[in-house]
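Peer 1: heads up, no residue letters with this:
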């Protein structure tokens, strides 16, 4: 069991196999994390809703719902997973590992949700609430500035413009699948920072957003 991850979470598992399962992608074997992720998704939504309700007592339901959506989306989950260095701890099949699965935003986001589910199953709701509140302290603090609601491409562009750096270049690396179910892989290059990232999506725009998100994660690791 990765002790550094437990320290970052602020939680020690009684059932170590639950954490192992949460870190196992379906490409690795039949005992993967999708069922635990299902639980974690519900727990995360409940905890974040409660935290927002308590933090913003005067806001209406509609605004709270939009805030929650921005906090529980793939972008935020991926950002938190990168901060935990979750990619280095995932158990992936050989093919998925070779294709860069350890850095893929969707895989990292799903694994973090699975960890939340594992904590809930191991220690109950209060344990899960404490872990989520701990990890979400910084994203919660950004709500007042509106930064949390911006998409990854916008955040990357504003970061570069604020430092007078050239804007990123995006290019389609590959398109796979049938015409009705294509998958795009896009490359994002930031030559002045020595950063190159990739993203996948069902269309070019979605893939560009994932590539920008991966670039932001690399920038965060170097700051």
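Peer 2: Looks like it arrived, so ask away. Every value quoted in this text rests on a predicted model; they were computed, and no experiment measured them.

Peer 1: Just give me the neighbour total for the residue nearest to residue 151 when sequence neighbours are not counted.
Peer 2: Using CB to CB, 6 or more residues apart in numbering and skipping residues adjacent in sequence, the residue nearest residue 151 is residue 209, 6.0 Å away. For the C-beta atoms, the positions are set from N, CA and C on the backbone; glycine is no exception. By the measure other CB atoms under 10 Å, the count of residues near residue 209 is 22.

Peer 1: before we move on, what about the one 10 residues further on?
Peer 2: Here the neighbour count serves as a burial measure; for residue 219 (other CB under 10 Å) it reads 16.

Peer 1: Domain-wise, how is this structure divided?
Peer 2: 3-143, 152-222 (automatic domain parsing).

Peer 1: averaged over its residues, what pLDDT does the last one have?
Peer 2: Model confidence over domain 152-222 averages 88 on the pLDDT scale.

Peer 1: Measure how far it is from the centre of its chain, please.
Peer 2: How far domain 152-222 lies from its chain's middle: 15 Å, per CA atoms, centre = their mean, to the nearest Å.

Peer 1: From what I see, residue 41 and residue 112 are in contact.
Peer 2: No - between residue 41 and residue 112 there is no contact under CB atoms under 8 Å: 10.4 Å.

Peer 1: nearest residue to the residue nearest the centre of the chain other than its sequence neighbours?
Peer 2: Nearest to the mean C-alpha position of the chain, counting by CA atoms, centre = their mean, stands residue 78 at 1.5 Å. Among residues not flanking residue 78 along the chain, residue 105 sits closest, at 4.1 Å (CB to CB, 6+ apart).

Peer 1: Give me the distance between that neighbour and residue 76.
Peer 2: 11 Å (CB to CB, to the nearest Å).

Peer 1: now residue 151
Peer 2: According to CB to CB, residue 151 and residue 76 sit 12 Å apart.

Peer 1: The residue nearest to residue 55 when sequence neighbours are not counted: neighbouring residues, count only.
Peer 2: Excluding its sequence neighbours, the residue lying closest to residue 55 (CB to CB, 6+ apart) is residue 140, at 6.8 Å. Neighbourhood size, residue 140 [other CB under 10 Å]: 17.

Peer 1: And what about residue 199, helix, strand or coil?
Peer 2: Classification of residue 199 using DSSP: H, G, I helix; E, B strand; the rest coil returns strand.

Peer 1: now the strands: where do they sit in this structure?
Peer 2: Along the chain, counting by DSSP state E, strands occupy 169-176, 183-190, 195-201.

Peer 1: Compute the inter-axis angle for the shortest one and strand 183-190.
Peer 2: Right, strand 195-201. Between strand 195-201 and strand 183-190, the angle comes out at 160 degrees (axes from the mean of the first three to the mean of the last three CA atoms, to 10 degrees).

Peer 1: How about the contacts made by residue 71?
Peer 2: Neighbour list for residue 71: 48, 52, 136, 139-140, 143, 148 [criterion: CB atoms under 8 Å, 6 or more residues apart in numbering].

Peer 1: Out of those residues, which comes closest to residue 172?
Peer 2: Minimum distance to residue 172 across those is 28.8 Å, recorded for residue 148 (CB to CB).

Peer 1: The spatially closest residue to residue 121 that is not a sequence neighbour: neighbouring residues, count only.
Peer 2: Closest residue to residue 121 apart from its sequence neighbours, by CB to CB, 6+ apart: residue 18 at 5.8 Å. Residues near residue 18, counting by other CB under 10 Å, number 22.
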